[in-house]
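J.: just the structure for this:
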Amino acid sequence: MTVKQLRAFLAVAQTLSFTQACERLHLSQPALSLAIKGLEESLGGKLLIRSTRSVRLTPEGESLLPLAKHLLAQWDNTEERLRQRFTLQLGRLSVAAMPAFACNLLPAALVKFRQQYPKINITVHDVINEEVTAMVRSRQVEMGIAFSPEGTGSLLFTPLFEDHFVAVVPPDSELTQATQIAWSTLLSHDFITLQRPSMVRRLLEQELSKQHMELTVAFESHQLSTVGRMVADGLGVSAVPSMCIRQMHELGARCIPLTAPPISCRVGILTHQELSVAAHALRTVLLNTVQAPSLPPG
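T.: Residues are numbered from 1 along each chain as shown. Here you go, the predicted structure:
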């Protein structure tokens, strides 16, 4: 049973005329008759009784009529919805992003995406870096934005930018007068950072360990916003990726470039090999709009 055969049957059943059905479907009478015959053969019996003057449905034809209407309506609806998805007139996309990116850089990119594709709905999961990779790998989301993972396996990692860590200091600290701060100076103050298993925490500990420096933590939190507020209120200092600069400033803290050693990590897009049209469009927007953050002048 084919869609073409069902359309032929429905046209005849609704018009009770082969001539009118041919006009509706733009088919010749032999083609229409062949479609009806093929449908009857596939189902195992007569659906229509045709004479020189009339056409009427058999009991089996009567029972098929509402089913044919439903099946064709479902088919047409599915076809239209898929066409809309391919043309980005309809769709839904799930994205996972580490909080530093989700809070600071993703919203501006989503504004651009929404302007171009207003019918695509997006769900954003702001989760820790390690969970981003896990959600993409298990296909809970189609795309993730995270620091470069140690091993991608079957996933693709497309770099967006190289993010450099900056010092975060209280607004009234003497450190705000410096144009840059060495790690040895920053670590002489009470240090505030994210709790394990945060990638930020792990990266800082690993890179400082290579320089034979120890990260002694006075306060720790799960949220970057809490870290920023603690620093702003004078509890200590911190170091965050530069994509968090605006967030730290909004919380009342100040950011200064960090040196000796400079610490950086690539930020990028994690996906599987194959992407939906909507995911491919968002990937393009991210690559075209997201830039490496920098400290504002002054």
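
J.: same question for the strand or helix carrying residue 205, mean pLDDT?
T.: In this assignment (DSSP states H and E), residue 205 forms part of helix 199-210. Helix 199-210 shows a mean pLDDT of 92.

J.: what's the first helix or strand after it?
T.: Toward the C-terminus from helix 199-210 - assigned by DSSP H and E - lies strand 219-221.

J.: isn't residue 173 right next to residue 253, touching?
T.: No. In this structure residue 173 lies outside contact range of residue 253 using Cβ atoms under 8 Å: 9.3 Å. The way it works is simple: take the backbone N, C-alpha and C, and place the C-beta from them, glycine included.

J.: more neighbours: which of these two?
T.: Remark: of residue 173 and residue 253, residue 253 carries more neighbours, 28 against 18, as counted by other Cβ atoms under 10 Å.

J.: look up how far residue 144 lies from the more buried one.
T.: 28 Å (Cβ to Cβ, to the nearest Å).

J.: likewise residue 74?
T.: 34 Å.

J.: who has more neighbours out of those two?
T.: residue 144 (29 against 10).

J.: so the more buried one bridges to which residues?
T.: Beta bridges link residue 144 to residue 96, residue 270, judged by DSSP bridges.

J.: wait, it sits on residue 132?
T.: Yes. Using Cβ under 8 Å, residue 144 makes contact with residue 132 at a distance of 4.1 Å.

J.: who touches both of these two?
T.: Common contacts of residue 144 and residue 132, defined by Cβ atoms under 8 Å, 6 or more residues apart in numbering, comprise 96, 97, 270.

J.: most neighbours out of these, which is it?
T.: residue 96 (26 neighbours).

J.: any figure for the gap between that one and residue 88?
T.: Counting by Cβ to Cβ, the gap from residue 96 to residue 88 is 21 Å.

J.: mind listing residues that contact stretch 98-118?
T.: 88, 95, 97, 120, 122, 124, 126-129, 132, 145-147, 199-200, 223-225, 240-241, 243-247, 267, 278, 281-282, 285-286, 288-290, 293.

J.: so which of those sit within strands?
T.: 95, 97, 120, 122, 124, 126, 145, 146, 147, 240, 241, 267 (DSSP state E).

J.: can you give me every residue that contacts the second one?
T.: The reference is to residue 97. Residue 97 neighbours (Cβ under 8 Å, 6+ apart): 106, 124, 125, 126, 127, 132, 144, 145, 146.

J.: one step back: for the helix holding residue 205, what is the distance to the chain centroid?
T.: Relative to the mean C-alpha coordinate of its chain, helix 199-210 is positioned 29 Å out (Cα atoms, centre = their mean, to the nearest Å).

J.: thank you, goodbye.
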